[in-house]
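Novice: curious how this folds, go ahead:
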Amino acid sequence: MLKALVQLFAEKFLVSKKTWVSNQSQALVSGGTEIAFISSTDSQDYTAPCDGVVCLDTFGATWARLISITNLRGYLLHSPNQTGIYKMLTLPVAKGETININISTDKSTTHIKFIPTIGS
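Specialist: Numbers count the residues shown, from 1 in each chain. As a prediction, the model looks like this:
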């Protein structure tokens, strides 16, 4: 009986808070912090200060890579022999997760930003 009562309460709570719960994982469009990419030949690590999204966009790089060292997942974009190609990667991250950022040395314009989620 207690189990059924707790389950009923949880279901009613989540139904009434559906919008609030779904917004907790939405990135703040106007927020964010620029991550300075200072490495020209190596990769660079970044640790997320809270839950959010790491966004990388580059124009003119042969390849770009975002990988979570903590969870062993990520993305690699590679466009050999193509110049003037715009690449964008986004990787959702949890607080404390370490991300490895690596961009080819021929990059011309690169921006990396960490955007926290609303619930963070």
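Novice: give me the buried positions along the helix or strand containing Pro92.
Specialist: Using DSSP states H and E, Pro92 sits within strand 86-93. When burial is assessed from 16 or more other C-beta atoms under 10 Å, strand 86-93 yields the following buried residues: Lys87, Leu89, Leu91, Val93. Every residue, glycine included, has its C-beta placed from N, CA and C.
Novice: distance between the ends of stretch 62-76?
Specialist: By C-alpha to C-alpha, to the nearest Å, the extent of stretch 62-76 from end to end equals 11 Å.
Novice: for this structure, what spans make up the helices?
Specialist: 2-16, 18-23 (DSSP state H).
Novice: and the least confident of the buried residues of strand 86-93?
Specialist: Confidence by pLDDT is poorest for Lys87 among the buried residues of strand 86-93, given 77.
Novice: give the residue spans of the chain that score low on pLDDT.
Specialist: The model of the chain has pLDDT under 70 over residues 14-25, 28-29, 39-42, 80-84, 105-108, 119-120.
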